[in-house]
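Visitor: please find the sequence and the predicted model below.
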Amino acid sequence: MWTLGAVLREVDDLDQPAGPPVVPESGRAARVFERVLDRLAGAPYPKAILLYLVIRTASVQLLDLLAARRGMTLTDRLTAWDGQWYLRLAVHGYADLPGTLDAARQPYSDAPMAFFPLYPKLVGMVMWLGVDVVVAALTVSVLAGAVLACGLIRIGRAVSSAQGDRTGLLLVALWAGAPMAIAFSMAYTEALFCAFAVWALVGVLERRWWLAGLCAFGAGLSRSTAVVLVGVVVVAALIAVFRRADERWPALAAAVVAPLGVAGYLGFVAYRTGSWTGWQDIELRGWNTEFDFGVETWESVLARLTADESVFSTLTVLMLLGAVALAVVAVVLRVPWPLTLYGVGVLALAIGTRGLPDAKMRFILPAFPVLIPIAIGLAKRRTGTAVAAAVAWVVLGAWFSAHALTAWRYAI
């Protein structure tokens, strides 16, 4: 991996008196620059970012094509549904926004508090540069996606010592091209939350407790799914507190800091609403969403597998079942327990929550560890085989995402 230290060593090598004849200053600078470019070209992080951006760009282009065929605009699709809430929050904050309604189409001033604050705050900060709110929102999502792509390289190294970077790049391709990964390119929190989640788990796996704690804190200000991530970070940190004396204080600090984001925001909502269950009450009244231990999901799966449903509905069910199967495979393959526990927890939360069954694929999108068995398996195959499989997956995911945003209702 190219680092500043490597560049400095290159300079030192060129300055050594022994060896080839002295090279003129201009020639020496050219050689240093050439070597730096060579190392940068071979570094995994730029490759991960480029791969991520290429896949996401292709997916957005397909969405643009399908949207045009239905008389829609790309901007409208990338800011649809919850995206409009985040744009309004970025501009107005949590004031009494005009036109806020509940699920019964009745005025409901508390509805904006269903959305966590960090993403709209970051969008507002980017707006200070003089760009409009839509450009700012999509910029935050793109930058967050690049950060999460880099984190997947580190995850790949943690799960595959022999082919870590190859596994990491395949994880980037699989996740960036997953069904409903279009949310990473929208005015949504998925990219931001997942960036925090990936690096929090990197911190746990590499025992960098300050990284794990701060990223879990940031995730807690981004999305309610952070309760799963926070739980994993706290458990791992407490294990380190009792088992590793040299890590006791950093791990204890991580265990304290990690829950503050999600607990702080839920506490804020509780104070504003006057109810300890204020956020859950808003979700129920505003979106008919609550944890029902998977009753609605089970009924939906049975109905769609035994009736003449659309291709989209059937694929949603099959992919959901496939994600569960991959979670089991991850356990069998002994994927590091923090990754497995996080992935299983996100799946359980998504499956166990009632409301919008067609949106389940977006809700399970943060459960990236379920893709690790596929990435490990493909990393052991020939390059042509791995590329062909990844391309097929990306094409399926891009079509699924574009179809969901243009031809289906309530799929995100």
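Guide: Now that the structure is in, tell me what you want to look at.

Visitor: residue ranges of the strands in the stretch 301-412 of the chain, please?
Guide: For the stretch 301-412 of the chain, strands defined by DSSP state E, counting those that start in this stretch occupy the ranges 353-354.

Visitor: can you map out the helices along it?
Guide: 311-332, 337-351, 360-363, 372-379, 383-406 (DSSP state H, counting those that start in this stretch).

Visitor: the second one - what's its average pLDDT?
Guide: Model confidence over helix 337-351 averages 96 on the pLDDT scale.

Visitor: buried residues, that helix. List them.
Guide: 338-351 (16 or more other Cβ atoms under 10 Å). All C-beta spots, glycine's among them, are computed from the backbone N, C-alpha and C.

Visitor: and which of those residues is nearest to residue 76?
Guide: Nearest to residue 76, judged by Cβ to Cβ, of those is residue 350 at 26.4 Å.

Visitor: pLDDT weak spots in the stretch 201-350 of the chain?
Guide: 308-309 (pLDDT under 70).

Visitor: what's in contact with the helix or strand harbouring residue 229?
Guide: Per DSSP states H and E: residue 229 is located in helix 226-243. Identification of contacts with helix 226-243 by Cβ atoms under 8 Å, 6 or more residues apart in numbering yields 193, 196-197, 200-201, 203-204, 207, 209, 212-213, 216, 219-220, 247-248, 251-252, 254-255, 258-259, 261-262, 338, 341-342, 345-346, 349.

Visitor: just the ones of these in helices?
Guide: Assigned to helices by DSSP state H, the following of the contacts of helix 226-243 qualify: 193, 196-197, 200-201, 203-204, 209, 212-213, 216, 219-220, 248, 251-252, 254-255, 261-262, 338, 341-342, 345-346, 349.

Visitor: can you flag the buried ones in these?
Guide: The buried subset of these - by 16+ other Cβ under 10 Å - is 193, 196-197, 200-201, 203-204, 209, 212-213, 216, 219-220, 251-252, 254-255, 261-262, 338, 341-342, 345-346, 349.

Visitor: compare the helices of the stretch 301-412 of the chain and give me the one nearest residue 48.
Guide: That would be, of the helices of the stretch 301-412 of the chain and by Cβ to Cβ, helix 372-379, which comes in at 12.6 Å.

Visitor: what residues sit buried inside that closest one?
Guide: Buried residues in helix 372-379 (16+ other Cβ under 10 Å): 372-376, 378-379.

Visitor: ok, the residue nearest the centre of the chain - contacts?
Guide: For the chain, the residue nearest the mean C-alpha position is residue 194 (2.4 Å; Cα atoms, centre = their mean). With Cβ under 8 Å, 6+ apart as the criterion, the residues that contact residue 194 are 144, 148, 184, 365-366, 368.

Visitor: mind checking which of these are buried?
Guide: So, by 16+ other Cβ under 10 Å, the buried ones in those are 144, 148, 184, 365-366, 368.

Visitor: give the other helices and strands that the helix or strand residue 165 falls within contacts.
Guide: Here residue 165 sits within helix 164-176, counting by DSSP H and E. With contacts defined as 3 or more Cβ pairs under 8 Å, 6 or more residues apart in numbering; DSSP states H and E, the packing partners of helix 164-176 are helix 44-69, helix 133-159, helix 372-379, helix 383-406.

Visitor: could you name the helices and strands sitting against the shortest one?
Guide: Applying 3+ Cβ pairs under 8 Å, 6+ apart, one finds that helix 372-379 contacts helix 133-159, helix 164-176, helix 311-332, helix 383-406.

Visitor: quick one on the thing from earlier: max pairwise distance over the buried residues of helix 337-351: which two?
Guide: 338 and 351, at 20.4 Å, using Cβ to Cβ across the buried residues of helix 337-351.

Visitor: number of nearby residues for residue 287?
Guide: When neighbours are counted by other Cβ atoms under 10 Å, residue 287 registers 15.

Visitor: quick one, which of the helices and strands packed on helix 372-379 is packed in tightest?
Guide: helix 164-176 (a mean of 25; mean count of other Cβ atoms under 10 Å).

Visitor: mean confidence for that one?
Guide: 93.

Visitor: any idea how far that helix is from the middle of the chain?
Guide: 14 Å (Cα atoms, centre = their mean, to the nearest Å).

Visitor: keeping just the C-alphas, turn it into PDB.
Guide: These are the backbone C-alpha positions of helix 164-176, laid out as PDB (Å, rounded to 0.1, in the frame of the first residue of the first chain):
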ATOM      1  CA  GLY A 164      -7.600 -10.000   1.500                       C
ATOM      2  CA  ASP A 165      -7.500  -7.100  -1.100                       C
ATOM      3  CA  ARG A 166      -9.100  -9.300  -3.700                       C
ATOM      4  CA  THR A 167     -11.800 -10.300  -1.300                       C
ATOM      5  CA  GLY A 168     -12.300  -6.700  -0.300                       C
ATOM      6  CA  LEU A 169     -12.600  -5.500  -3.900                       C
ATOM      7  CA  LEU A 170     -15.200  -8.200  -4.600                       C
ATOM      8  CA  LEU A 171     -17.100  -7.100  -1.500                       C
ATOM      9  CA  VAL A 172     -17.100  -3.600  -2.900                       C
ATOM     10  CA  ALA A 173     -18.500  -4.800  -6.200                       C
ATOM     11  CA  LEU A 174     -21.100  -7.000  -4.600                       C
ATOM     12  CA  TRP A 175     -22.300  -4.400  -2.100                       C
ATOM     13  CA  ALA A 176     -22.200  -1.400  -4.600                       C
END
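
Visitor: what is the orientation angle of that helix with helix 133-159?
Guide: Using axes from the mean of the first three to the mean of the last three Cα atoms, to 10 degrees, the inter-axis angle of helix 164-176 relative to helix 133-159 is 140 degrees.

Visitor: by how many degrees do helix 164-176 and helix 383-406 diverge?
Guide: Using the same axes, to 10 degrees, helix 164-176 lies at 20 degrees relative to helix 383-406.

Visitor: circling back: list the buried residues in the helix holding residue 229.
Guide: Quick answer for helix 226-243 (16+ other Cβ under 10 Å): 226-234, 236-237, 239-241.

Visitor: and the residues you listed as a markdown table, adding distance to residue 94?
Guide: Listed next are these as a markdown table, based on distance: Cβ to Cβ, whole Å:
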| residue | distance to residue 94 |
| --- | --- |
| 226 | 19 |
| 227 | 21 |
| 228 | 25 |
| 229 | 24 |
| 230 | 23 |
| 231 | 27 |
| 232 | 29 |
| 233 | 27 |
| 234 | 28 |
| 236 | 33 |
| 237 | 31 |
| 239 | 37 |
| 240 | 37 |
| 241 | 36 |
